[in-house]
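Asks: Next come a sequence and a model predicted from it.
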Amino acid sequence: MASKEKREQIFASYPIPKAVAALAVPSVLSSIVNVIYNMADTYFVSLMKDTNATAAVSLTMPVFLFFVAFGNIFGVGGSAYISRSMGEGNHYKVKKISSFAIFSSIFSGVLLLALILAFINPMIKLLGATNAAVTEYSYGYLKYIALGGPAIVVSITAGNLLRGEGAAKESMTGMMLGTVINIILDPIMILVLKMGVGGAALATVIGNVASVVYYAVYLMRGRSILSCNPSRFTFKEGIARNVIPIGIPAALNNILMSVSNIIMNNLMKGYGEAAVASLGIAMKVNMLIVFLQMGIGIGVQPLIGYSFGAKNMKRLKQTMKFTMACTLTIGITLTVVYYIFSTQIINLFNGENDPLVTEYGVKILRGLMIAGPFIGIMFTCNFAFQGMGKSLPSMVLSLGRQGLIFFPLALIMDKLFAFNGIVYAQPVADLVCIVLGLIMFAIIDSKLKKNPLYYPDRANIK
């Protein structure tokens, strides 16, 4: 296990490629395992050979993303503030930040649990359930996810906080532990115990509980500068003010992902259950590219935050350039593979071998891949904004990608181009946000160049 001093050396003195590898590789591996879990979840449900069950998993995914969103409010926001505080040399504040984030996530998880159980039936209808079978499957999934909600929120928060202090391997270990348990339990719960879609949800909950236990043991062993001591919890000293505004854009990304899924599910309803099922399959398969590139951005965020806190803009910009080059390479490679093998990939999750699911799924997957090579550039910009404490540009990207830009595009393109319009709305929104992210970073950098603290070599330039 890396010492506190070694973790800080990664931020301060490691060569950029080595520092990015040390921080991003564990995050990327976590993302890969997470994607494998999501694919495995869909795969084992597909073995039930019931399109209604596959559709229910797709429909209820937005609710799970709401728990992820609240975990990100305190996890991403807390992680960014922790890395900046470490760059400033303020380790005492780090303990208060982590305590605030952990206990706020517990409260949020309990609140979501109560709300979902209270409104579960109208919620299933809102999600787009089209018949009694889908409604029944959705209910079985949501009741377990709600009960395990606090564990889901806390595990996401804690994993992000560990990354914020540079403990990327430990963060990865906790997440992978939960995910591997989840994958092992999926076939047992779904097929052996005949729990169906509800079994998939229960496996998810048990996996997250295991992650929480791992993180709690790590924090209590005293090898971290983080704290889960309730006596350090406080809203004061700028803690809430610096955590929540940065965490909200990350949370909005998940919430809007949920809302956009709901919108796309409802738009796809007009084309039948096969279209809804194929949308869910294609989007989960596409998660490999999205989560891989997002994982790289998440991994380097603490390095960017530390560099910004230390007023080292040269290291910050070098980190961003190297990260963008990595995401571009990965994006191009996977896009080519997906285009060549799109039919085989979709059919892997097409349990009933429904030809309509294959036809729709291939079209959707190839459409989503248009932005595949470049989307990592947007994630790098967004996580850089979060690491720098720039909540407004981060908010703009989060609202735009799956909200203010995506929503009108989806509705307009549906009217103009029907099925194809729904498919291409997301990649078009992604491409717009990539350009927007680069422009906003250039504006921020130009303003910082006037500040001698960030650009000391320009202090004497008139």
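Replies: Great, that's in hand.

Asks: Just checking the distance from the helix or strand where T333 lies to the centre of its chain.
Replies: Assigned by DSSP states H and E, T333 belongs to helix 313-340. Computed by C-alpha atoms, centre = their mean, to the nearest Å, the separation of helix 313-340 from the middle of its chain amounts to 18 Å.

Asks: so what secondary structure elements neighbour that helix?
Replies: Packing partners of helix 313-340 (3 or more C-beta pairs under 8 Å, 6 or more residues apart in numbering; DSSP states H and E): helix 16-46, helix 273-309, helix 355-368, helix 375-387, helix 406-448. Just so you know, the C-beta spots here come from the backbone N, C-alpha and C atoms, and that holds for glycine as well.

Asks: Quick one: list the elements packing against the following helix or strand past the shortest one.
Replies: Okay, so that is helix 375-387. Heading C-terminal from helix 375-387, the first helix or strand you meet, by DSSP H and E, is helix 391-399. Where contact means 3+ C-beta pairs under 8 Å, 6+ apart, helix 391-399 is packed against helix 239-268, helix 375-387, helix 406-448.

Asks: winner for burial among these?
Replies: Comparing the helices and strands packed on helix 391-399 by mean neighbour count (mean count of other C-beta atoms under 10 Å), helix 375-387 ranks first with a mean of 28.

Asks: So for that helix, mean pLDDT?
Replies: Summarised as a single mean, pLDDT over helix 375-387 is 92.

Asks: What of stretch 148-163?
Replies: 91.

Asks: what about dumping the CA coordinates of that stretch to CSV?
Replies: Written as CSV, here are the backbone C-alpha positions of stretch 148-163 (Å, rounded to 0.1, in the frame of the first residue of the first chain):
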residue,chain,number,x,y,z
GLY,A,148,-29.5,-0.9,-1.0
GLY,A,149,-29.5,2.8,-2.0
PRO,A,150,-27.4,4.1,1.0
ALA,A,151,-24.7,1.5,0.3
ILE,A,152,-24.6,2.5,-3.4
VAL,A,153,-24.2,6.2,-2.6
VAL,A,154,-21.6,5.7,0.1
SER,A,155,-19.5,3.3,-2.0
ILE,A,156,-19.3,5.8,-4.9
THR,A,157,-18.5,8.7,-2.6
ALA,A,158,-15.8,6.8,-0.8
GLY,A,159,-14.2,5.5,-4.0
ASN,A,160,-13.9,9.1,-5.3
LEU,A,161,-12.5,10.4,-2.1
LEU,A,162,-9.7,7.9,-2.1
ARG,A,163,-8.8,8.9,-5.6
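
Asks: how far is that stretch from where the chain is centred?
Replies: 12 Å.

Asks: go on, stretch 116-131?
Replies: Taking mean C-alpha positions (C-alpha atoms, centre = their mean), stretch 116-131 and its chain are 24 Å apart.

Asks: residues of it that come out buried?
Replies: By neighbour count on 16 or more other C-beta atoms under 10 Å, the buried set for stretch 116-131 is 116, 123-124, 127-130.

Asks: Identify the farthest-apart pair in the residues you listed.
Replies: Maximum pairwise distance in the buried residues of stretch 116-131, criterion C-beta to C-beta, is 20.7 Å, between I116 and T130.

Asks: Could you point out which residue ranges in the stretch 51-200 of the chain have low pLDDT?
Replies: The model of the stretch 51-200 of the chain has pLDDT under 70 over residues 130.

Asks: Many thanks, have a good one.
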